[in-house]
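Participant: Can you look at this prediction? I've put the sequence above it.
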Amino acid sequence: MQLAATRIITDDVDRLVDFYERITDLKAVRLHPLFAELRTASATLAIASSATVPLLGENAAEAGANRSVMLDFLVEDVDHSASSLRSVVTEFVSGPADMPWGNRSLLFRDPDGNLINFFSPLDADARSRFER
């Protein structure tokens, strides 16, 4: 089995696509006006309009209601990312800070309130977890 994608349901696809393009330096692939994907070598972040929810099942998802899932992005340098994000991110949660499991992390929220973690492994043991 392979996790193919993580999908965010939003009331404003264009706003969220713009935000994620800016923080990741990736260009989204727009498959439909209601759906886009940001593709990396290891995972895809999909962004879909709340107008697609009825296709999934009645009340299957609710835009802007996530308070339990975090999106983790492996970055080269957390501190450099923190300074470059200041013009894009309006809500920083914490960091940059060293975590006891060997990562340096910066937590912030996207425009819909979803929690994002930009992290970098601090040592060889931590880096080895992300080698493919």
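Facilitator: Okay, I see it.
Participant: So which residues of this protein form helices?
Facilitator: Taking DSSP state H as the criterion, the chain contains helices spanning 13-24, 53-56, 78-85, 124-128.
Participant: Including distance to M99, mean pLDDT and mean neighbour count, could those helices go into a markdown table?
Facilitator: Glycine gets a C-beta too; all of them are placed from N, C-alpha and C. Shown next, in a markdown table, are those (distance: least, C-beta to C-beta, whole Å; pLDDT from 0 to 100; neighbours: other C-beta atoms under 10 Å):
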| stretch | distance to M99 | mean pLDDT | mean neighbour count |
| --- | --- | --- | --- |
| helix 13-24 | 20 | 96 | 18 |
| helix 53-56 | 34 | 88 | 12 |
| helix 78-85 | 11 | 93 | 15 |
| helix 124-128 | 9 | 79 | 12 |
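Participant: Please name whichever of those helices is nearest to I47.
Facilitator: helix 13-24 (5.1 Å; C-beta to C-beta).
Participant: The closest one to helix 78-85, inter-axis angle?
Facilitator: Taking axes from the mean of the first three to the mean of the last three C-alpha atoms, to 10 degrees, helix 13-24 and helix 78-85 form an angle of 140 degrees between their directions.
Participant: CA-only coordinates of helix 13-24 in CSV, if you can.
Facilitator: The C-alpha coordinates for helix 13-24 follow below in CSV (Å, rounded to 0.1, in the frame of the first residue of the first chain):
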residue,chain,number,x,y,z
VAL,A,13,-9.4,26.8,-3.8
ASP,A,14,-7.6,29.7,-5.5
ARG,A,15,-6.6,31.3,-2.2
LEU,A,16,-5.3,28.0,-0.8
VAL,A,17,-3.5,27.0,-4.0
ASP,A,18,-1.8,30.4,-4.1
PHE,A,19,-0.7,30.0,-0.4
TYR,A,20,0.7,26.5,-0.9
GLU,A,21,2.5,27.5,-4.2
ARG,A,22,4.1,30.4,-2.3
ILE,A,23,5.3,28.4,0.7
THR,A,24,6.5,25.4,-1.3
